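1. My questions are about this predicted structure, shown below with the sequence.
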Amino acid sequence: MEAGTAIERKDDHGAHYTSTGLPTVKVAMWIFLASETLLFGGLISTYLLYRGRSVVGPYPKDVFDIPYTSVSAFVLLASSLTMVLALGAIQRGEDHRFRIWIMATALLGLTFISGQIYEFTSFFHEGLAIDTNLFGSTFFTLTGFHGAHVTVGILMLMSLASLNSQGRVTKDNPIAVEMVGLYWHFVDIVWIIIFTVVYLIPTGSPHP
Amino acid sequence: MRRRLRGLLGLAIGGLVLAACTDTLPQSSFNSAGDVAQQQKDLLIPIIVIATVIFVLVEGALVWFLYKYRHREGSEPLQVHGNSRLEIAWTIAPALILAIITVPTVSMIYALAKAPAGKSMTVYAVGHQWWWEFDYPDLNITTANELYIPDDTQVYVKLCAAGTTNSGTPVGAPCTVPAPAVGEAVVHSFWVPRLAGKQDVVPGRTNTMTIEANEPGVYPGQCAEFCGLSHAFMRFKVIAQTPTDFQAWVTNQQAEAPTPVAGSAADGGLQVFNTAGCIGCHTIGGVSEGIGGPNLTHFGARDCFAGCMLSVTEENLSKWLHDPASVKPGSFMPNLNLTDDQVTSLVAYLESLK
Amino acid sequence: MSGMLKRPSATRGWWSWATTVDHKKIGIMYLFSAIFFFGVGGIEAMFIRMQLAGPNGHVVSEAVYNQIFTMHGLTMVFLVVMPLGAAFANYLMPLMVGARDVAFPRLNALGFWAFIGGGILMYSSFLLGGAPDGGWFGYPPNSVVSPGNGMTFYCLGLMVLGTASLISAINLATTIINLRAPGMTLMRMPVFVWMTLVTQFLLIFSLPIITVALVELLFDRRFGTLFFDPGAGGDPILWQHLFWLFGHPEVYILILPAFGIVSEVLPVFARKPLYGRPFVIFSGIAIGFMGFGVWAHHMFTAGLGPVANSAFGITTMLIAIPTGVKIFNWLGTLWKGDITFDTPLLYCVGFIALFIVGGLSGVMHAVVPSDYQQSDTYFVVAHFHYVLFGGALLGFIGGIYYWFPKMFGRMLSEKLGKVQFWIMFVGMNLTFFPMHMLGLQGMPRRIYTYARGMGWDLYNLMATVGAFMLAVGSLVFLWNLIVTFRKARSAVADPWDGRTLEWTMSSPPPGYNFAELPVVHSEDSFWHEKYSETRDGKLVRREPGPEPQSDDGSKVHMPSPSFWPLFVAGGVAIVAYGVIYGWPMVFFGAVVFAFGAFGWVLEPSSEE
């Protein structure tokens, strides 16, 4: 990943000149994440608006296993910690440690995804598919999009490890790690919201 | 210059008001014949006048500046950057005009949203692909294409969309019995401009509106929300009558279908009706209980059919009965492969259903 | 592998265009694509008008008509006006802010090629079983149940186009925020750049919402989900909310760049500054924010209830204020100016004249109870064609005439330009003014035909005649392009006595834009290098004239071309087709995409 472009100017000290003082990639990543909030906002809103409107079951209380999902949420949360450690490592030039922490992040992400696959398969066996009822449609679409985002993140994390081995991502050029980190934390925060809104908050209507 | 401007303005406004007040077209919102349409028009006309004034003044200024400040030998542009006070003033002025317009607007929104007070009658208008069903729940009448109303009563219209959804679920309640496989449930819009503005007909919701006619007459309308292949042919008529005439109509509608004379062509048509498959969809009072198609009990008293796309003539009925989809693309009425004789006698039967 | 990774280096020929990452070339490609699609959308319009010229028409079948009016709307919005905005934003914005290119040149190319992919996807549907036929607004349940693949192409095409626009928007916004020349504070940026900035943020926040809607529609069609199925608890109104939450900001996306163009052109041809520049900028920003608060005015007849209808009626009235006030600012710019009637000015004046009409009919829509009569009729068709054709399109044509010499080193013919203008101006009014009356006289939208005896015959015929005039005007434009491109390059750097930085460069500019990055001291910085003002507002030419740009860019290193953006865009398109034609194709497309992404990341950077 090109960490900055040849378009950027250098000031007298050789550092990149930008109008805001922020690295250009960072500005772009924040703007991209802003658009992603609207994407997930739309999917979460659909879920919320359709809560309690399914005409047939299974309903959330029939399939949810909160303790199980809490564990997988914790796994994803832990991966944000390892991400921070990875960033710290590369900023200190500790390449080996960096690779360990970044692969740990990827592994925790993979664990999360595996947990989701297991969870969705068991829902399916209990009779909940994406076309069964509104709950199935909204739930699987929302969590599916989130899972796709996590998967793309895992691919990027693994790529960072490889790029570090090739010497393309280093202490002198760590911006890619920071950018993937921002993305990863964002995906984690979205999961916190989904977990709270979808799993934890009870519906209170006849068909939860 | 000012005199010319005033003259132009007067001409424009006069012309528009004249056009609006002398409109005689059958489906025109300016040819208002009912209280709701009248209110909506009375709100719009002053605003059109205001808009015309603004139009003439602003466009006039544009043309004037282009003329006066065109480049000539020695002309010099004035390097001015703006005037905050002026700009604030010309922001506040339109805001005030709009604020003034907002008051009657909001007030009328609420007034039109209320169910009618005083004397009223409830009717269900059900949007099918691509025809209108009209039910009178309190009078036990079901009909299609033509909505008869008395001219001294507010009519509270409840709007439902009927048909099958993507998952195969029939919808149409509470207005009608949901029927599988006769049309898809899509969004329509009920619009009879001379009597009232439109309201959409949304599957899964029951929107409502009020219409009232000032005097007897025929008020055409049509679907105003794109609903598929034959959207253009989903038409209807509102027929307002004096209370006496309306009562006569009600009495006739509530009666069962007239029995044709034995051995007549119409009788032959009744036999075809009973055996060719029509009774699955079509209800005729005392003869059949179909669901999904228009009620035909007093078909012979109607002027139009097939979603008011065609007028009731032997030729039109013949063409239709032979192959509905060739007349009206996408029609869900099947081609029953009727012979010419069957069609002729069916036509006779339908026309006998006065 | 390393051989494949070597970056292409063509500077001439079609391969140089296919691999370019130069914002100017990309802008030109957007421009010509938009002009091409305008021809296609125009032909669709001609079919509509011929079908409606008289009652009970049979020019095409009902099924074909529904495809034609759907594609006409989709084409004009997504394949003509949006790319025109992108063309000007791409070409001009870096020049105007003093940058050498946008922040991410390869991403810029990807945005363009994905746009082309989306256009091809949409139009290939005609050959693959039928084009989308559910209207550009795609209301379910009709859009869910519509048989065939047409509306599936609608979902996929718009998702690809939306992704392309989003990528581009992030790129352009980042460039404006972070890569301005030293001294170019935000308030010193040209108004066109400001309008572009607001437009990009509108895209960034609205595109994800329609993406959600399209996903839900696609899933309902393809995977049996129940988002819009009223039998299962779904609500077709949800689509309307999601679509218009995008759809309303979208119309500001369409018009703001044209506002920007008019704000640049008028001062040049009146030879005085834009009147009330800060107000024009702030009203643009206000429109950006308020544009997200009016969406349900497209749903006044949907039955949302008096509270919602009143609230949105009020917000719609409010948004008329910043929109309308700009007109006064433009009038103020012309006032006491020294106006020359070159073709660019004519178009911008035409813009103002016609936008006023469209704006006033828009205010009439805000009168909610009367909108119950106006909604879904030809009155609405009149309104939006006045603002989009009379407004946006005329503004863009003016922009083409104005910046053509800069882009191509030649001036378009003034004579042909003026002929085109008058034909289009008269034709436009003849086509669309009668539609106001048709709507109020009871003619709904999107109808295949109408009955005799409704009283609509004359106005429909007039509209059809006007449409033919517009076709003739378009052909005049085409002729002007052809004739002009046959001429040799002859334009000077500053043919119009311009105000902004792009006029400091040669026509066309060198690849690297600026040999030395400018340092900016004021708004309209180039103008202030040429002129000063006396206290009583007279212009004084400075002596000597500004130094011509040194063309020695030998020390400037620009990003090399790349074919990976084309590759990645191809992968996206293949994935989209795969959603219709099967998982193996999706998988193949994903592999192409991933291969392209890795090639992109791993290719040598331009410094090598």
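-> Yep, it's here.

2. Report the mean per-residue pLDDT for stretch B:18-38.
-> The pLDDT scores in stretch B:18-38 average 89.

3. Identify each buried residue in that stretch, please.
-> B:20, B:23, B:25-38 (16 or more other C-beta atoms under 10 Å in any protein chain shown). Heads up, the C-betas are built off the backbone N, CA and C, glycines and all.

4. hang on, C:Val349 packs against B:Phe65?
-> No: shown here, C:Val349 and B:Phe65 do not form a contact pair, counting by C-beta atoms under 8 Å, at 9.6 Å.

5. ok, back up a step: from the buried residues of stretch B:18-38, which land in strands?
-> When DSSP state E is applied, those are split such that none fall in strands.

6. Closest one to C:His528 out of these, please.
-> Using C-beta to C-beta, B:Ala20 is the member of those that sits closest to C:His528, with 52.8 Å.

7. how far out from the middle of the chain is the helix or strand harbouring C:Met290?
-> Element membership for C:Met290, per DSSP states H and E: helix C:277-290. Between the centre of helix C:277-290 and the centre of its chain there are 19 Å (C-alpha atoms, centre = their mean, to the nearest Å).

8. do the same with stretch C:287-296
-> Counting by C-alpha atoms, centre = their mean, stretch C:287-296 comes out at 18 Å from the chain centroid.

9. ok, it near chain A or not?
-> No: figure legend: stretch C:287-296 not in contact with chain A (C-beta under 8 Å from any C-beta of the partner chain); closest approach 10.4 Å.

10. What are the buried residues along that stretch?
-> Neighbour counts over stretch C:287-296 (16+ other C-beta under 10 Å) mark C:Ile287, C:Gly288, C:Met290, C:Gly291, C:Phe292, C:Gly293, C:Val294, C:Trp295, C:Ala296 as buried.

11. so which of the buried residues of stretch B:18-38 also contact chain C?
-> B:Asp23, B:Leu25, B:Pro26, B:Gln27, B:Ser28, B:Ser29, B:Phe30, B:Ala37.

12. re the thing from before, mean confidence for the helix holding C:Met290?
-> When pLDDT is averaged over helix C:277-290, the result is 97.

13. swap in stretch B:203-216?
-> Per-residue scores along stretch B:203-216 average to 96.

14. now swap in stretch C:562-569 and tell me
-> Mean predicted confidence for stretch C:562-569 is 95.

15. what are the ranges of the strands in the chain?
-> Answering for chain A, as no chain was given. Using DSSP E, the strands of chain A run over residues A:9-10, A:16-17.

16. my bad, chain C
-> C:531-533, C:539-541.

17. what about the last one, distance to the chain center?
-> Its chain's C-alpha centre lies 37 Å from the corresponding centre of strand C:539-541 when counted by C-alpha atoms, centre = their mean.

18. Show me where the stretch 401-550 of chain C has its helices.
-> Assignment of helices within the stretch 401-550 of chain C using DSSP state H, counting those that start in this stretch yields the ranges C:414-440, C:457-486, C:525-530.

19. residues of the longest one that come out buried?
-> The neighbour-count check on helix C:457-486 (16+ other C-beta under 10 Å) flags C:459-460, C:462-464, C:466-471, C:473-474, C:476-477, C:480-481, C:484 as buried.

20. Export the strands of chain C to JSON lines and append columns for mean pLDDT, mean neighbour count and distance to chain A.
-> Output for the strands of chain C, formatted as JSON lines (pLDDT from 0 to 100; neighbours: other C-beta atoms under 10 Å in any protein chain shown; distance: least, C-beta to the nearest C-beta, whole Å):
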{"stretch": "strand C:531-533", "mean pLDDT": "91", "mean neighbour count": "15", "distance to chain A": "27"}
{"stretch": "strand C:539-541", "mean pLDDT": "90", "mean neighbour count": "12", "distance to chain A": "31"}
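
21. for the residue in the stretch 251-354 of chain B positioned nearest to chain A, helix, strand, or coil?
-> Nearest residue of the stretch 251-354 of chain B to chain A: B:Ile291, at 21.2 Å (C-beta to the nearest C-beta). Following DSSP: H, G, I helix; E, B strand; the rest coil, we place B:Ile291 in the coil state.

22. show me the contacts for it.
-> Residues in contact with B:Ile291 (C-beta atoms under 8 Å, 6 or more residues apart in numbering or on different chains) are B:Val177, B:Ala179, B:Val182, B:Cys281, B:Thr283.

23. Restricted to strands, list the residues you listed.
-> Those of the contacts of B:Ile291 lying in strands (DSSP E): none at all.

24. Show me which of the residues you listed are buried.
-> B:Ala179, B:Val182, B:Cys281, B:Thr283.

25. Could you dump those into CSV and include distance to chain C and pLDDT?
-> Compiled in CSV, the buried ones among the contacts of B:Ile291 are given as follows (distance: C-beta to the nearest C-beta, whole Å; pLDDT from 0 to 100):
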residue, distance to chain C, pLDDT
B:Ala179, 13, 84
B:Val182, 13, 88
B:Cys281, 19, 94
B:Thr283, 23, 96
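
26. Show the contacting residues for B:Tyr67.
-> With contacts defined as C-beta under 8 Å, 6+ apart, B:Tyr67 has no neighbours.

27. isn't there a helix covering it?
-> Yes: residue state for B:Tyr67 (three-state DSSP) corresponds to a helix.

28. Okay, it and A:Phe120: tell me how far apart.
-> Distance, B:Tyr67 to A:Phe120, by C-beta to C-beta, to the nearest Å: 72 Å.

29. just C:Pro565 next, same as before
-> Distance from C:Pro565 to A:Phe120, by C-beta to C-beta: 35 Å.

30. excluding its backbone neighbours, what's nearest B:Asp267?
-> Nearest residue to B:Asp267 in three dimensions, chain neighbours excluded: B:Pro260, at 4.4 Å (C-beta to C-beta, 6 or more residues apart in numbering or on different chains).

31. Show me what from the stretch 51-200 of chain C comes close to chain A.
-> So the stretch 51-200 of chain C meets chain A at C:99-105, C:166, C:170-171, C:173-174, C:177-180, C:182, C:184 (C-beta under 8 Å from any C-beta).

32. can you rerun that using 10 Å?
-> Residues of the stretch 51-200 of chain C lying close to chain A (C-beta under 10 Å from any C-beta of the partner chain) are C:94, C:97-107, C:166-167, C:169-171, C:173-182, C:184-186, C:200.

33. interface residues of the stretch 1-150 of chain C facing chain B?
-> Selection of the stretch 1-150 of chain C residues close to chain B by C-beta under 10 Å from any C-beta yields C:61-63, C:65-66, C:69-70, C:133-135, C:137-147.
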